[in-house]
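>>> quick one: sequence plus predicted model below, questions after.
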Amino acid sequence: MQDGSLRARLHHLYYGEAPDACRFRYGVLAFDIATIVFVISTSFLPRSLLVETLDVLIGLVLVGEFSARVASSRKPWREALRPASLADIVAIASFLAPLAGEGFGFLRVLRTLRLMHSYRMLGMLRRDFAFFRRHEEAFLAALHLCVFIFVMTALVYETQHPRNPQIAHYADALYFTVTALTTTGFGDITLPGTTGRLISVVIMIAGVTLFLRLAQALFRPSKVRFTCPSCGLQRHEQDAVHCKACGEPINIPDEGRY
């Protein structure tokens, strides 16, 4: 009976619309953001006992939160096997294995996938923040690009630092990643060998794609999210009175003048 009441409470916190449930999910979001800031800031610092201890403590908190999230679902196995959940498991494992070395540290940034693929969290942000509603695509595109840059920077550092004197620290790896991503290619830092060339190719192809997606989200005319009652189209021009797909009259709520 107690297990049933605990699961019901967890389901309320993760899926409910009451104020306490919303506060709880915003608290989880704040912790996720703090975790990401910690990962990025410590990646530029040498490993130490303090950092490794904090890694393990954060990992234990994440294990508890992940377990609670899975238990709150009506279908726990489906929740646990979602791609975002699997990425979360990998990230949590990297926190709990400091003895594996910094070579696995970059996997911690996969925590950001939780922010990008939590549709309930996105729905909450759309509802509570007009600025996020207007620029959601730009936010997500920028987040995808930042994750890619950080992961590739760490990958360049971990694969090149032991044998490439041009990659002395994370700043060198970040510099090379950005110049390769933008196809600037100054040539002062190169990655020798087949592995280095393949990494460069991945950075250029995938990075340029993500960068163009961000530019498209920033400069194309913004649209509002409103589901057409007839055909289900969700994106419309801000002043639309009819759905451009089916012609159905739509009544998009006006947020007022700012």
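Thanks, I have the structure now.

>>> pull the number of nearby residues for the closest residue to Pro76 other than its chain neighbours.
Leaving aside its chain neighbours, Pro76 sits nearest to Val70 (4.9 Å; criterion: Cβ to Cβ, 6 or more residues apart in numbering). All C-beta atoms are positioned from the backbone trio N, CA, C, and that covers glycine. Neighbours of Val70 under the rule other Cβ atoms under 10 Å: 19.

>>> pretty sure Val70 contacts Glu79?
Yes: the pair Val70 / Glu79 is scored as a contact, 5.2 Å apart, by Cβ atoms under 8 Å.

>>> which residues do these two both contact?
Jointly contacting Val70 and Glu79 under the rule Cβ atoms under 8 Å, 6 or more residues apart in numbering are Ser85.

>>> how near is Glu136 to Ala130?
To Ala130, Glu136 is 11 Å away according to Cβ to Cβ, to the nearest Å.

>>> okay, these two: which has more neighbours?
Under the criterion of other Cβ under 10 Å, the comparison of Glu136 against Ala130 puts Glu136 first, with 18 against 12.

>>> so in the chain, where's the weakest helix or strand by average pLDDT?
Every helix and strand in the chain was compared by mean pLDDT, DSSP states H and E; the lowest is helix 112-117, with a mean of 59.

>>> next SSE after that helix?
Using DSSP states H and E, the helix or strand that follows helix 112-117 towards the C-terminus is helix 119-128.

>>> give the contact list for Phe211.
Neighbours of Phe211 in contact, by Cβ under 8 Å, 6+ apart: Leu145, Leu181, Thr182.

>>> so which strand or helix has it?
Assigned by DSSP H and E, Phe211 falls in helix 193-219.

>>> list the buried residues of that helix.
Gly196, Ile199, Ser200, Ile203, Gly207, Leu210, Phe211, Arg213, Leu214, Ala217 (16 or more other Cβ atoms under 10 Å).

>>> show me where this protein has its helices.
2-15, 19-42, 49-72, 76-80, 83-96, 112-117, 119-128, 130-134, 136-160, 170-181, 193-219 (DSSP state H).

>>> would you reformat those helices as CSV and include distance to Ala245?
Below are the helices of the chain laid out as CSV (distance: least, Cβ to Cβ, whole Å):
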stretch, distance to Ala245
helix 2-15, 31
helix 19-42, 33
helix 49-72, 36
helix 76-80, 31
helix 83-96, 29
helix 112-117, 26
helix 119-128, 21
helix 130-134, 21
helix 136-160, 19
helix 170-181, 36
helix 193-219, 21
